[in-house]
Every structure is written in C-alpha cells, then in structure tokens.
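**Q** Next come a sequence and a model predicted from it.
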Amino acid sequence: MDIEKLRLVLREFATERDWEQFHSPKNLAMALNVEAGELLEIFQWLTEKESLNPDEKVLANAGEELADIILYSIRLADRLGLDINSEVERKIEANAKKYPVDKAKGNAKKYNEF
C-alpha cells in the first residue's frame, strides 16, 4: 500500500470512530514518541550481536512497533497538511548534502564535525 492510500485509509479509520477529536498534532506527536519508546524497549537489553540477529519474537514485536510509528507519522503529516512523500524526498536530498560520501563514508560523526 502506498503512502497516499495509507493516509486515506487512516483518515477514514479515524473518522469512522470519531477519533478526529483526539488526533490533534500534539496528541499524535506524543503517541508517536510513545511508540518509538516501545520499539526502543524491545532492544533495550539486547547485546549488539543479539540486535543484529533478532529472534522471531523480537522481529514480530519490532514489526508491530515500526508499523505503529509509520502509521502515526502518516496520520500526523495528514493532520498538519504535509505531503509526506515530498517531505521525505526533501530530507533525503538534504542529508545527501550534509553527508557527502567523501566525508561521511565509514564515519559516524555528525555533519558539523567533519
């Protein structure tokens, strides 16, 4: 399903349940942060090696939380009137400029530390 279709499905889902009243940008941003925290909790006590080779349960749980994060992100963009496709494209272009291959390759430094 593409992002535009997801946006419309989520809008309809919320409208059918009369949840628009709860889906303010503030509330959606808070919910998004909660879901990101739940994703973090899955990996919290894993070693680096375990996180690189997660078992089926970890993968399933991570998948659910990632889906929540993506869905809340799309819903928030919709409520703000943002075109998420355009925003993502713009961010990828900005990151390419901030992190040119010749400076960033194999380097974990932030762009202002090159």
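**A** Everything's here; your move. Numbering: from 1, shown residues only.
**Q** Distance check, the most far-flung residue of the chain relative to its centre against residue 86.
**A** For the chain, the residue at maximal distance from the C-alpha centroid (CA atoms, centre = their mean) is residue 102, at 27.7 Å. Distance, residue 102 to residue 86, by CB to CB, to the nearest Å: 28 Å. C-beta coordinates here come from the backbone N, C-alpha and C atoms, glycine included.
**Q** So the chain: which segments form each domain?
**A** 3-82, 85-114 (automatic domain parsing).
**Q** Can you add mean pLDDT and give the ones you listed back as CSV?
**A** Shown next, in CSV, are those (pLDDT from 0 to 100):
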stretch, mean pLDDT
domain 3-82, 98
domain 85-114, 95
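**Q** Just name the most buried of those.
**A** Comparing the domains of the chain by mean neighbour count (mean count of other CB atoms under 10 Å), domain 3-82 ranks first with a mean of 14.
**Q** ok, now which ones touch residue 83?
**A** When contacts are counted by CB atoms under 8 Å, 6 or more residues apart in numbering, residue 83 touches residue 77.
**Q** could you redo the last one with a cut-off of 7 Å?
**A** Residue 83 makes contact with no residue under the criterion CB atoms under 7 Å, 6 or more residues apart in numbering.
**Q** circling back: quick one: the residue farthest from the centre of the chain and residue 95, what's the gap?
**A** Distance of residue 102 to residue 95, given as CB to CB: 15 Å.
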